[in-house]
Structures are given as C-alpha cells and as structure tokens.
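Chemist: using only what follows, build the 3D model:
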Amino acid sequence: SKGNSYVYYDQKNIQEGTYQRDSFYVSLDEFHLNAMDEIKKEKLAFKGQVVSAGIFPEIKETIKIQPDGSLGMTTDSPEDGFYTYGGKGKFDGKVSLDNNGFTANGSVRYQGATIQSDDIVLKPKQLLSTAQVFELEEEKNSERELPEVLGQKVKIDWQPYKDSMYITAADAPFKIFGSHNTTLRDQLILTPDGLKGRGIFDWEKGQIDSKLFSFGAKTVSADSSNLIIKAPGMDHLALNTKNVFTKIDFENAIGTVRANADSVYTELPYNTYITSLNEFDWDMNRETITFKADEDGRGSFKSTNKEQDGLTFWGKEAFYNLKTYELRLGGVSRIETADAYIVPDSGQVEIQKLGAMKTLTNASIIANTENEYHIIRRATVNIMGRRNYKASGFYEYNLGDKKQELELTEILGQPTGKGKKSPCLTTAVGKTIQGQPFYIDNKTKFKGDIALNANEDNLKFNGFARLEAEKLPATDWFSLAGPGDKLDLKL
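Modeler: Numbers count the residues shown, from 1 in each chain. The predicted model follows:
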C-alpha cells in the first residue's frame, strides 16, 4: 500500500450502522504483500491503530482476519486499564472488534460502581451489557453520597455523554444499604451527582412506589411517591397515602412525609379511617406516627367502615401507635352523630381497630343540632356511627339559685325509621333520685320518671308532684304526666 489504509465498520448489519466512518475506523500502517496467490487468510496481519470514536484512546494493535471473516482484533487492556469515553470510566479486560461490533469481556468502573460482564457492546455514545453482578460502594462526603448496592443479573445501559448509567434488575431486586431486606425492584440511575432510581422500594416496615428516587448513603427520598406503612407482624397495612413527598432516613430511623396537594388523603386501613392530615413524621424505632395540622389548623377524620355511615369530624392533631394501632386525636371540638353534637373532654378522641371509637367520658351532649335545646354534661358516650350513639349523663335543671341535675341513664341517638334518609332523634330517660328533693319549678316538687326528646324544648314528666305554698291548706302529692316548662309551668 502507499500510505495508510482504512477499515470501516459502518455497515447496517454491524450494530445497525452505529460506527460512523468519520470517527470509528482502523487505520492500517503502510504494508507490503508478497506472493498473494499463496497467502492464507489466517496469515494476514496488518499493524495499525483502532480509532474508536472516543470509546477508548487509540489502540495500537495488529489487525487480523477474525473467525467471522472480518478484519478486526482481540486484545487485552493494559495493566492499569483503558480509560473509557474521555475518562468518564475505566475498563479492564479483553476487547474485540469484528462483524459483531466493538465488544468486550471484563469489568467497567464508573462513579464508584463496578460491573463484571462477558457481553459488553461498546458504541460511540452508549455501552450495553448484562452483568452477573453490579456493585456500588457506600460513599459519604461533602460533595455527594452513595449507598451500598448489590445487584445480580442486571442489564446495563450506560450513556456516558448524558452522564447516566441505567441499571435494570432483570430478576431479583437490588439490595440497598447493604441489607437483604431493603430492596429496589426496577431500575437504578447512576450519575456524577449521585444515585437515582425508579420502581418499588421495599423494606420490612414499608414500601414506596415512585418514578424517581434519590439515594443518599443511608437515605431515600422521592418528590412524588405512594407510600405504604406495613402493620408489624400483620398481613394488612397500617397506612396508605399517595402523591406525597417522602424521605426515609435509615440511619436515624425517621420518615418525613408531606402531601403534594391539599386533596391528598391518608388512609389508615386497619382503623378504617382516612384523614386530610397529610403531613407526618414517622419514628420507625418507636413505631409511632405524629400527624401535623394543615395551614388552617385542623384536618378531617372520616370513617370508611360502612357500618358507621361516613362518620366525620375534625381535629387539630393525631398520634398513631403502630404497636397497638391506637389513633389518638386531639383538638376535636365536637363530633356530630344522629341529631346531636358530642363534645369530647379536653378534645381527646381515640380510634381503635375497625374504626371503633373508645368510650368518651366526661363529655357533653348538645341536642339537637338545629336548636340546641338540651345540654347533657358529665356524659359517658359510645359513638357507633354517623347516625347512632348511646350514652348516659347528667342534665342540668337549674331554677334560680337551686342547682339541680337529673341523671339520664339511657340516652339514645338513632334513626326514627328505616332508610338512610330517615331523620334521627335523640331520646333519653331517667328518674329522680330517692331522698334528693327535685323541683320542676320554684314551688313544685317532683318525683318519678323524666323523658327527653331532643326536638322538643321541654322535658316530659311522669310521676307525682307536690306544691309548696304557705297559704294552701294541704300539700299532698298528686299524679303528673306531660311536658313541663320550668319558666312557665302549667299543670
């Protein structure tokens, strides 16, 4: 030959023509061939340089006929390896060039990760391979953090000029943070800025589904994600929420969750409740969740148990114990059930399994909600749902300076008929206490039974009354049945 000769690999059947001849070729040194009619192809050899579009530095190598009939070469990397793609990574192993393209068998190192593969395909702007093992060492410094990662049987798509290596789990999920129980199923993205990911991140206490994770040495976060918190030792979920920012710090065992929209609700499946309090801190060691109020200072709590007919009320704070599954609420000003308002003592309410509300003590009952005729204090209340409650308590019946109360032993709030649209009514019964004087007005004593209907402003009396007046000749007891207005009693 006179001067250099060139071998090109831009045919469509070689990796779909990715090796363009302006940047990828073999430059052959000047050569001489004698007795060409006697030369055997296996004896042909040309010295030259492999110019690989920046995949590796120029490789001086002898070019020979390969088993597939192409002109190419097979060589080992130098002792300290080949720098790849302008120094973005490093390769150690064996490199081949033939009609299959530019391929390799060895290890690739990039941004702290090591990949061992026997089917690497090297393209000008991309490296593709599968790998039996993908390993990433933990890194923590002022510039960036990386977690420890182990992947097995993965697919690699390294796009060096986009500064991204995509590692996809083909079978088993990635093991994150050096733990067999902390995994990511789907894909990791390694960049100079750190490690990203997408898919389902799972560990013994929870699960996060996101299209983009960011990993630190011991943290995982996602700007938009769906979070599940598992119930320890159970097959069900303790909490479920969607479209939230999530950050889990495994070193300090703290989770931070914040909703991305006001419309986001947090589900508590074991307690059959949802709440609009959608920002909370999760203490994974103590197994507790502390909810934070919205900007207006309160959030709604709604039962999803069908038997409770959508019971809903508002509170300012919530604390969830994942060991006992008790949801303790604070700042609850009142709960509407049947036709009454129930005012919890100190605003405290506790929700247990399947939405059962713990019996309220020292509560107040205001009935009904339309006219608020009646107030019952020091009440013990069991709220069964939006249309049902049972209680007992004390009814104030003061007359001037006479401070009196009646004990109502059976208070019921319930529908008056069948069907969800039938109105509800609170009724109550009680009786006067023997030996304790009771007046239904300033000069009329009463003993017997008392009844209350919340839609009526007066109590009903059924018993015996006696007038106390100095000018009357006799003060015998007489029977009395009917309503009585203490401000204008008419017998």
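
Chemist: show me what L406 is bridged to.
Modeler: According to DSSP bridges, Y395 are recorded as the beta-bridge partners of L406.

Chemist: my guess is it meets G393, correct?
Modeler: No: counting by C-beta atoms under 8 Å, L406 stays clear of G393, with 9.6 Å between them. Every residue, glycine included, has its C-beta placed from N, CA and C.

Chemist: who has more neighbours out of the two?
Modeler: G393 (23 against 20; other C-beta atoms under 10 Å).

Chemist: would you confirm that the more buried one contacts H374?
Modeler: No: look at G393 against H374 with C-beta under 8 Å: they stay out of range, at 10.6 Å.

Chemist: overlap in contacts of those two?
Modeler: With contacts taken as C-beta atoms under 8 Å, 6 or more residues apart in numbering, G393 and H374 have I365 as neighbours in common.

Chemist: and Y270, helix, strand or coil?
Modeler: helix (DSSP: H, G, I helix; E, B strand; the rest coil).

Chemist: so it versus F177, what's the distance?
Modeler: Between Y270 and F177 the computed distance is 28 Å (C-beta to C-beta, to the nearest Å).

Chemist: same thing with F313?
Modeler: 41 Å.

Chemist: buried stuff in stretch 248-257?
Modeler: Within stretch 248-257, the residues scored as buried using 16 or more other C-beta atoms under 10 Å are 248-250, 255, 257.

Chemist: can you list the residues that contact it?
Modeler: Applying C-beta under 8 Å, 6+ apart, the contact partners of stretch 248-257 are 177, 182, 206, 208, 217-221, 227, 241, 244-247, 278-285.

Chemist: now, of the residues you listed, which are buried?
Modeler: Buried members of these, counted by 16+ other C-beta under 10 Å: 177, 182, 206, 208, 217-221, 227, 241, 244-247, 278-280, 282, 284.

Chemist: what's next to stretch 302-311, contact-wise?
Modeler: Against stretch 302-311 from outside (C-beta under 8 Å, 6+ apart): 267, 272-275, 312, 335, 337, 354-355, 383-387, 420.

Chemist: oh, I was asking about stretch 62-78
Modeler: 7, 26, 28, 41-42, 44-48, 50, 59, 61, 91-100, 106.

Chemist: run the last query once more with 7 Å
Modeler: With contacts defined as C-beta atoms under 7 Å, 6 or more residues apart in numbering, stretch 62-78 is touched by 7, 26, 28, 41-42, 44-48, 50, 59, 61, 91-99, 106.

Chemist: out of these, which end up buried?
Modeler: 7, 26, 28, 46, 48, 50, 59, 61, 91-93, 95-99, 106.

Chemist: just the contacts of stretch 248-257: which are in helices?
Modeler: Assignment to helices by DSSP state H places none of the contacts of stretch 248-257 there.

Chemist: which residue ranges form the strands in the stretch 351-491 of the chain?
Modeler: Ranges of strands in the stretch 351-491 of the chain, per DSSP state E, counting those that start in this stretch, are 360-367, 374-385, 388-396, 405-415, 424-431, 439-441, 444-453, 459-467, 478-484.

Chemist: where are the low-confidence patches of the stretch 201-350 of the chain?
Modeler: Along the stretch 201-350 of the chain, the model assigns pLDDT under 70 to residues 294-296.

Chemist: now with 80, please.
Modeler: 232-236, 294-297 (pLDDT under 80).

Chemist: do the same with the stretch 51-200 of the chain
Modeler: Within the stretch 51-200 of the chain, the segments meeting pLDDT under 80 span 142.

Chemist: buried sites along stretch 412-425?
Modeler: 413-415, 424-425.

Chemist: residues contacting that stretch, please?
Modeler: Taking C-beta under 7 Å, 6+ apart as the rule, stretch 412-425 contacts 337-340, 387-390, 426-427, 453-455.

Chemist: so which pair among those residues is furthest apart in space?
Modeler: Greatest spatial distance in the contacts of stretch 412-425: K390 and N455, 18.5 Å, computed using C-beta to C-beta.

Chemist: sorry, back to before: just put the strands of the stretch 351-491 of the chain in TSV and tack on distance to L212.
Modeler: Below are those laid out as TSV (distance: least, C-beta to C-beta, whole Å):
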stretch	distance to L212
strand 360-367	45
strand 374-385	42
strand 388-396	47
strand 405-415	50
strand 424-431	49
strand 439-441	72
strand 444-453	60
strand 459-467	65
strand 478-484	69
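
Chemist: which one of these lies nearest to Q159?
Modeler: Evaluated over those, closeness to Q159 peaks at strand 374-385, with 57.6 Å, by C-beta to C-beta.

Chemist: report all helices and strands that the closest one contacts.
Modeler: On a contact count with 3 or more C-beta pairs under 7 Å, 6 or more residues apart in numbering; DSSP states H and E, strand 374-385 meets strand 360-367, strand 388-396.

Chemist: in the longest one, what's buried?
Modeler: So the one you mean is strand 388-396. Residues 388-389, 391-393, 395 are the ones in strand 388-396 that count as buried (16+ other C-beta under 10 Å).

Chemist: is the most centrally placed residue in the chain in a bridge, and if so with what?
Modeler: Geometric centre of the chain, nearest residue: L227, 1.7 Å, by C-alpha atoms, centre = their mean. Beta-bridge partners for L227, by DSSP bridges, are I208, T241.

Chemist: got the contact list for it?
Modeler: Counting by C-beta under 7 Å, 6+ apart, L227 makes contact with 206, 208, 241, 244, 246, 257.

Chemist: and with 6 Å instead?
Modeler: With contacts taken as C-beta atoms under 6 Å, 6 or more residues apart in numbering, L227 has the following neighbours: 208, 241, 244, 246.
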